[in-house]
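Participant: Generate coordinates for the sequence data below:
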Amino acid sequence: MRAPSHPLPRLILAIAIAGVSGAALAQTANLALYGRINLDVEYVRSLTTDRDDSWRPRVSSNSSRFGLRGGWGTIRFGNMKTPYDTVNGVFGNTPTFTSTILDSESVWGNGSSLSSGGMPYRAANSIRYDFPGRYIEGLNWGVQYSLAETDASNGTFSFGGTWTSGPWQLGGVYQYNNGARAATLDDWGYSLAGAYDFGVFRIAGVWEQLGYDTPTGSLKRDFWGVSATVDIGPGQLYLWYGHASDGKGSAATGERVGGLAKGGDTRAQHYEISYTYPLSKRTSAYAGYVKIDNDGNASYNFATNAIGNLAIGGKPEGFLAGLCHNF
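Facilitator: Numbering: from 1, shown residues only. The predicted model follows:
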């Protein structure tokens with residue numbers, strides 16, 4: 001695999017690989033295979049004036065994965081989400097495993113598709129190492145480098161993680177895409193999140209800024225959101241509200257990257273409510289509702305199982321019911 005072209009990513013990645021190699025040799029027996037299978041049925045529609053607005057069923061099996069981990073941490077190769085997604089676990093819909101159309105990164109992060117400017121995307125040709133929290137109590141962070149497939153100099157560097165201490169949890173991440181979305185166009189993003197657990201309920205907040213190169217100049221956007229997770233009976237109720245600001249920067253009005261566009265009337269609001277009920281220690285049932293309320297010139301879509309051909313100003317929404325089994 002080719003080394004990163006940027007000195008800082010190369011140095012951090014080299015340290016990570018060296019640490020993994022030494023620890024893995026010393027703790028070969030301390031190794032586990034893990035994974036998850038997730039299956040659900042969704043009913044979705046998009047409230048627009050130029051297409052069929054009827055409810056339609058779909059089957060989803062996203063967020064199924066495998067990996068290797070031990071006391072030395074976790075190492076993975078291949079196609080996987082970048083560490084940018086780590087912050088999603090601080091404020092996102094963890095009772096439903098931050099997957100399906102209830103994935104709270106549909107507006108935060110600008111979705112999960114690289115071609116549409118999504119930051120927490122599934123990066124191809126990646127090497128990733130996640131450090132275990134035992135080195136610094138409560139600290140878990142990861143570093144990942146992905147080589148794009150169109151040019152030897154293209155790639156994505158992502159670095160971030162979380163820190164948990166008592167009822168507090170904090171998260172932060174930075175990501176730089178070097179010509180990964182399109183040749184000569186670079187993207188960057190960073191996000192900070194925090195949560196406090198009161199026992200029967202947990203509140204969280206997040207802030208983010210994204211920046212993109214476009215053919216007509218720079219395009220930027222701010223985002224903030226709040227969530228609450230409440231214990232009700234044996235299960236958990238999750239509530240979420242996110243707000244994306246108008247697109248700004250030197251790009252021409254109407255310039256677009258994913259759901260984000262430059263100019264006025266490009267904001268969006270993201271709503272979610274769900275309830276998760278544990279059937280056993282490893283199996284859960286869940287149901288929920290989600291809506292993305294785009295302004296007239298915005299076009300944010302579901303990060304997972306996006307609605308095809310969503311019109312500008314469309315307002316995707318959906319109901320969901322599903323099961324998840326961990327092993």
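
Participant: Quick check, pLDDT for residue 299.
Facilitator: Listed pLDDT for residue 299 reads 97.

Participant: ok now do it, which residues does it touch?
Facilitator: 256, 258-259, 261, 310-314 (CB atoms under 8 Å, 6 or more residues apart in numbering). To be clear about C-beta, it is placed using only N, CA and C from the backbone, and glycine gets the same treatment.

Participant: same thing but 10 Å
Facilitator: 116, 256, 258-261, 266, 268, 292, 310-314, 316 (CB atoms under 10 Å, 6 or more residues apart in numbering).

Participant: Those, buried ones only, as a ChimeraX selection?
Facilitator: Buried members of the contacts of residue 299, defined by 16 or more other CB atoms under 10 Å, are picked up in ChimeraX with:
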select :116,256,258,259,260,261,266,268,292,310,312,313,314,316
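
Participant: among the contacts of residue 299, which are in strands?
Facilitator: Residues of these located in strands (DSSP state E): 256, 260-261, 268, 292, 316.

Participant: of those, closest to residue 210?
Facilitator: Taking CB to CB as the measure, residue 260 is the one of these closest to residue 210, at 7.2 Å.

Participant: and residue 158, bridged to which residues?
Facilitator: residue 144, residue 175 (DSSP bridges).

Participant: and it, how many neighbours?
Facilitator: 28 (other CB atoms under 10 Å).

Participant: likewise the one 10 residues further on?
Facilitator: Using other CB under 10 Å, residue 168 has 12 other residues around it.

Participant: Show me the shaky parts of the chain.
Facilitator: 1-67, 133-134, 148-153 (pLDDT under 70).

Participant: beta partners for the closest residue to residue 245 other than its chain neighbours?
Facilitator: Spatial nearest neighbour of residue 245, excluding adjacent residues (CB to CB, 6 or more residues apart in numbering): residue 222 at 4.5 Å. Beta-bridge partners recorded for residue 222 (DSSP bridges): residue 209.

Participant: A helix includes residue 90, no?
Facilitator: Yes. Under DSSP: H, G, I helix; E, B strand; the rest coil, residue 90 falls within a helix.

Participant: shouldn't it be in contact with residue 203?
Facilitator: No. Residue 90 is beyond contact range of residue 203, at 11.2 Å (criterion: CB atoms under 10 Å).

Participant: Now the common contact residues for these two.
Facilitator: 194-195, 227.

Participant: State the number of residues packed around residue 250.
Facilitator: 12.

Participant: give the contact list for it.
Facilitator: Here residue 250 is in contact with 214, 216-220, 262 (CB under 10 Å, 6+ apart).

Participant: Tell me how many other residues surround residue 112.
Facilitator: Neighbour tally, residue 112, other CB under 10 Å: 25.

Participant: for residue 86, helix, strand, or coil?
Facilitator: helix.

Participant: Now do the contacts for it.
Facilitator: Residue 86 neighbours (CB under 10 Å, 6+ apart): 120, 130, 140-142, 158-162, 171-173, 191, 193.

Participant: would JSON lines of the ones in strands among the contacts of residue 299 with distance to residue 277 be doable?
Facilitator: Below are these laid out as JSON lines (distance: CB to CB, whole Å):
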{"residue": "256", "distance to residue 277": "40"}
{"residue": "260", "distance to residue 277": "36"}
{"residue": "261", "distance to residue 277": "39"}
{"residue": "268", "distance to residue 277": "30"}
{"residue": "292", "distance to residue 277": "25"}
{"residue": "316", "distance to residue 277": "26"}
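
Participant: Residue 199: which of the residues you listed is nearest?
Facilitator: residue 292 (31.6 Å).

Participant: ok, now how distant is that closest one from residue 107?
Facilitator: 6 Å (CB to CB, to the nearest Å).

Participant: returning to that earlier point: buried ones among the shared contacts of residue 90 and residue 203?
Facilitator: Among the shared contacts of residue 90 and residue 203, the ones that count as buried by 16+ other CB under 10 Å are 194-195, 227.

Participant: In strands, which of those appear?
Facilitator: Among those, the members falling in strands (DSSP E) are 194-195, 227.

Participant: Just give me the closest of the residues you listed to residue 323.
Facilitator: Out of those, the member with the shortest distance to residue 323 (by CB to CB) is residue 227, at 22.9 Å.

Participant: Is that closest one bridged to anything, and to what?
Facilitator: residue 204, residue 240.

Participant: again, but for residue 244
Facilitator: Under the criterion used (DSSP bridges), residue 244 bridges to residue 223, residue 268.

Participant: how many other residues sit next to it?
Facilitator: Other residues close to residue 244 by other CB under 10 Å number 27.

Participant: again, but for residue 111
Facilitator: 26.

Participant: Can you tell me the SS state at the spatially closest residue to it that is not a sequence neighbour?
Facilitator: The shortest distance from residue 111 to any non-neighbouring residue, by CB to CB, 6+ apart, is to residue 118 (4.0 Å). Of the three states, residue 118 takes coil under three-state DSSP.

Participant: And stretch 241-248, what's buried?
Facilitator: By neighbour count on 16+ other CB under 10 Å, the buried set for stretch 241-248 is 242-244, 246-247.
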